[in-house]
Structures are given as C-alpha cells and as structure tokens.
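Enquirer: Next comes the sequence, and after it the predicted model I'd like to discuss.
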Amino acid sequence: MIFGAILAGGVGSRMNIADMPKQFLPLGNKPIIMHTLEKFLLCSRFHRIYVGVHPAWLLHMEDLVEKYVPDQKERIVLVPGGGDRNSTIMNIADRIESDFGQQDEHIIVTHDSVRPFVTLRIIEENIDGALQYGAVDTVVEATDTIVVSEGGEVISEIPDRRKMFQGQTPQSFRLSMLKSLYQDLSPQEKAILTDACKICVVRNKPVHLVRGEVSNLKITTVSDYKIAQAMIGGTSVD
C-alpha cells in the first residue's frame, strides 16, 4: 500500500507575523497546509494520507479538514507529531502499521506541510521511484555557486556545481526499510539528522533522485510567504 505523510508537527515560526504555526497561515483563500493536503488528495494511488500535527493543534486541523475537504476526510488520518521531524515520521509509520499491519511493500511519501506547490508529477515520480529503488529524494540542480566555509568567515572550498543539488520534498521510502535503518541508529547519529534521507545516507543505503521544481518552494521566511502569495494571487504581506 502507498501512504502520504504530511509533516506539520512544528509550532515555531521564523516569520513572527502571527500567533500560530506557519502551516496554518492563510495563502489565498485557505491555510497553507490545506493547499498541500489538496495536492496529495489529487493522487488516487494513496490509500490514506497521514498528517502529523503538533498535539496542541490537532483539533484545529480537524476543523480545517471538516471545513475544506469534508468529502475526503475518510482518506485523511491525523497523528500527533513528535519532538522533531523524524520522530513525527516514525509516529506516522507506527500508526500506518497499526492500521494496516507490517508489510514490506508499504511505501511512505513524506512531504513538508509548507510546500504547497508540489505537483502531481513530482508525487507520482516519488511513488514510482520508491517502488523501484526503496528510497528517493526530490531535488533541483544548484544554479548558484556553492561556497563552503568552515568558520563562516573565509571560503574553505568551492565544490563543483555540476555535482550540487538542492534538496526538496517529497522524500519517499519503503516503510519497513526506513524504520529498520532509523531504529539501528545511535542517539548520536539521530542527533545529526537533518532529514529522512540522511537516515539512509548514514547507513550507506542509496537514495535515488527525482527531479523537483523551482516552484516547489518551502515557505519558511516572510520573503517566502510574499512569493507564495504572489504565486497564488493572494493578498500581499507587509
């Protein structure tokens, strides 16, 4: 079975423009997270779509589902988020296995709740890639020169840009493999994880690449939010 996993467990906001997590801020005529969820609902291959939400915001998310997609709520399962990104993924993984059992063929497609412009093409290619390879990451080629600085003051290295990519989401996996690799990590290894793909990289499991889109931006800062509002034709943010 194939499952979507939208990660909305955070409560902080670098934007400081509202007293709520950024995934619930309005984008055009609905919250950011609902744009993201609706993109996943377009994919008929998902058996269920799980949304990992901070426990304090679960009731709010339930209200949003009821308001915006009441006819699809049977496909949506809300799960309490964990203390960090990968803990939220594991909470969702545990719920999937509780609902549908432990099966090697389960595929999980994880995605940031604040990437509302993901396309159906990207989602479909993530599913195909995870079925074929077991682990895939969505990336775009780096267009700017990448500069490495060990101390943040002088250049340490300028790597070959042709080998550089910018990571996006979705990141998709064979669920049993991802859980097994994560459980095998030491606390020190878990502490250095930046995303789910690094779980595989730390254990030398190949992660194949899926082509993303520049438009598949993550709304993290006020500037990102302004760009997203312009893309969707919404009200500008000062």
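Expert: All right, it came through fine. Numbers count the residues shown, from 1 in each chain.
Enquirer: When you work out contacts or count neighbours from here on, use the C-alpha atoms and nothing else.
Expert: Fine.
Enquirer: so how far is the lowest-mean-pLDDT helix or strand in the chain off the chain centroid?
Expert: Least confident helix or strand of the chain, by mean pLDDT, DSSP states H and E, is helix 187-191 with a mean of 89. Averaged C-alpha coordinates place helix 187-191 at 21 Å from its chain's average position (Cα atoms, centre = their mean, to the nearest Å).
Enquirer: Please enumerate residues in contact with that helix?
Expert: 182, 202 (Cα atoms under 8 Å, 6 or more residues apart in numbering).
Enquirer: Tell me the first helix or strand C-terminal of that helix.
Expert: Sequence order places helix 196-202 as the next helix or strand after helix 187-191, per DSSP states H and E.
Enquirer: Give me the helices and strands touching the next helix or strand after that following helix, please.
Expert: Scanning forward in sequence from helix 196-202 by DSSP H and E, the next helix or strand is strand 208-211. In terms of contacts (3 or more Cα pairs under 8 Å, 6 or more residues apart in numbering; DSSP states H and E), strand 208-211 is packed against helix 120-133, strand 135-141.
Enquirer: So in that sheet, which strands flank strand 208-211, and in what orientation?
Expert: Strand 208-211 has its sheet partners listed here by DSSP bridges as strand 135-141 (parallel).
Enquirer: Report the mean confidence score over stretch 60-76.
Expert: Per-residue pLDDT over stretch 60-76 has a mean of 97.
Enquirer: Now it - C-alpha only, CSV.
Expert: What follows is stretch 60-76, C-alpha atoms only, in CSV (Å, rounded to 0.1, in the frame of the first residue of the first chain):
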residue,chain,number,x,y,z
HIS,A,60,-7.6,22.9,14.8
MET,A,61,-6.5,20.6,12.0
GLU,A,62,-9.7,18.5,12.4
ASP,A,63,-11.7,21.7,11.9
LEU,A,64,-9.8,22.6,8.7
VAL,A,65,-10.4,19.1,7.2
GLU,A,66,-14.1,19.4,8.0
LYS,A,67,-14.3,22.8,6.5
TYR,A,68,-12.3,22.4,3.3
VAL,A,69,-12.4,18.7,2.4
PRO,A,70,-15.3,17.1,4.2
ASP,A,71,-16.0,14.7,1.3
GLN,A,72,-12.4,13.3,1.6
LYS,A,73,-12.0,13.0,5.3
GLU,A,74,-12.1,9.2,5.2
ARG,A,75,-8.8,9.3,3.3
ILE,A,76,-7.1,11.6,5.9
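Enquirer: That'll do, ta.
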